[in-house]
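Undergrad: Sharing a sequence plus its predicted fold:
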Amino acid sequence: MAEIIVTAAVNDVEEWLKFKAEMVPALSAVASDGSSYVAMDGSNQVASTWVVPDMEAFQAAQSSFPGELAAAAQRAGMIPSTMVVYIKK
């Protein structure tokens with residue numbers, strides 16, 4: 001099981017935070033325990049931490065960005081091209 005951090009830029013931090021309840025179920029097939037973080041400097045940078053039981057499944061979901069996940073990310077104002085994933089070693 002892997003632990004990861006996902007960072008990204010968002011259009012509006014407060015809107016992104018409101019959609020956490022929607023993003024957790026959207027990722028439930030490939031990750032769990034999503035916690036949210038915002039930048040202390042007030043910028044539009046955010047992060048989330050996840051427990052990923054199957055990295056291959058997670059990476060497949062990331063590369064194809066399935067419809068449900070893409071729609072949730074868009075509603076949350078996430079900018080997918082800015083996303084960076086870090087894995088705990």
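TA: Cool, got the structure. Bear in mind the structure is a predicted one, so any value in this text is a computation, not a measurement.
Undergrad: So, low pLDDT: which residues of this structure?
TA: Low-confidence segments of the chain (pLDDT under 70): 64-66, 68-69.
Undergrad: what about the strands in it?
TA: 2-10, 32-38, 45-52, 78-87 (DSSP state E).
Undergrad: looking at these, which is closest to Leu17?
TA: Put simply, out of those the one that sits nearest Leu17 is strand 32-38, at 6.2 Å, with distance taken as C-beta to C-beta. (Each C-beta comes from the backbone N, C-alpha and C, glycine too.)
Undergrad: just the CA coordinates of that closest one, formatted as CSV?
TA: C-alpha atoms of strand 32-38 as CSV (Å, rounded to 0.1, in the frame of the first residue of the first chain):
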residue,chain,number,x,y,z
SER,A,32,-8.9,6.4,0.3
ASP,A,33,-8.4,8.7,3.3
GLY,A,34,-8.1,12.0,1.3
SER,A,35,-7.1,14.9,3.5
SER,A,36,-7.0,18.4,2.0
TYR,A,37,-4.3,21.2,2.5
VAL,A,38,-4.1,24.7,1.3
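Undergrad: Give me the residues contacting that strand.
TA: For strand 32-38, contacts defined as C-beta atoms under 8 Å, 6 or more residues apart in numbering pick out 13, 16-17, 20, 23-24, 27, 45-51, 53.
Undergrad: I appreciate the help and will end here.
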